[in-house]
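Asks: predicted coordinates and the sequence they were generated for:
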Amino acid sequence: MTHEMLKKLGLALLVGMLAAGLVGCQDEPGPAEEAGQEIDEAMEDAGEGVEEMGESIQDAAEGN
């Protein structure tokens, strides 16, 4: 292969990788991403509940 042909091949590969990257960035989240977000929200809610429970226990221990 000549040097000029290798440059063209390299440029074609670069353009292809960039195009594939843009296709991967979709506006609509897929089902796995939505499930992950729901899990994150559930864990955050559970953490807040545990924190509130801990504050209640601390208040009870202090006699408030």
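Replies: Everything's here; your move.

Asks: mean confidence for the longest helix belonging to the chain?
Replies: Ranked by residue count under DSSP state H, the longest helix found in the chain is helix 31-62. Per-residue pLDDT over helix 31-62 has a mean of 89.

Asks: and that helix, what's buried?
Replies: Buried residues in helix 31-62, counted by 16 or more other CB atoms under 10 Å: none are found. Heads up, the C-betas are built off the backbone N, CA and C, glycines and all.

Asks: so which elements touch the helix or strand harbouring L14?
Replies: Using DSSP states H and E, the element containing L14 is helix 3-24. Applying 3 or more CB pairs under 8 Å, 6 or more residues apart in numbering; DSSP states H and E, one finds that helix 3-24 contacts no other helix or strand.

Asks: from the middle of its chain, how far away would it be?
Replies: Taking CA atoms, centre = their mean, to the nearest Å, the mean C-alpha location of helix 3-24 is offset from the chain mean by 27 Å.

Asks: swap in stretch 48-63?
Replies: For stretch 48-63 - counting by CA atoms, centre = their mean - the centre lies 32 Å from the chain centre.

Asks: next one: stretch 45-61
Replies: Computed by CA atoms, centre = their mean, the chain-centroid distance of stretch 45-61 equals 29 Å.

Asks: for it, which outside residues touch it?
Replies: Residues external to stretch 45-61 that are found in contact with it (CB atoms under 8 Å, 6 or more residues apart in numbering): none.

Asks: just the CA atoms of it, as PDB, please.
Replies: Extracted C-alpha coordinates of stretch 45-61, given in PDB (Å, rounded to 0.1, in the frame of the first residue of the first chain):
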ATOM      1  CA  ASP A  45     -35.400   7.900  48.300                       C
ATOM      2  CA  ALA A  46     -34.400   4.900  50.500                       C
ATOM      3  CA  GLY A  47     -31.300   6.900  51.600                       C
ATOM      4  CA  GLU A  48     -33.400   9.900  52.500                       C
ATOM      5  CA  GLY A  49     -35.800   7.600  54.500                       C
ATOM      6  CA  VAL A  50     -32.900   6.100  56.400                       C
ATOM      7  CA  GLU A  51     -31.500   9.500  57.200                       C
ATOM      8  CA  GLU A  52     -34.900  10.800  58.500                       C
ATOM      9  CA  MET A  53     -35.200   7.600  60.600                       C
ATOM     10  CA  GLY A  54     -31.700   8.200  62.000                       C
ATOM     11  CA  GLU A  55     -32.700  11.800  62.900                       C
ATOM     12  CA  SER A  56     -35.900  10.600  64.600                       C
ATOM     13  CA  ILE A  57     -33.900   8.100  66.600                       C
ATOM     14  CA  GLN A  58     -31.400  10.800  67.600                       C
ATOM     15  CA  ASP A  59     -34.100  13.200  68.600                       C
ATOM     16  CA  ALA A  60     -35.800  10.400  70.700                       C
ATOM     17  CA  ALA A  61     -32.400   9.600  72.400                       C
END
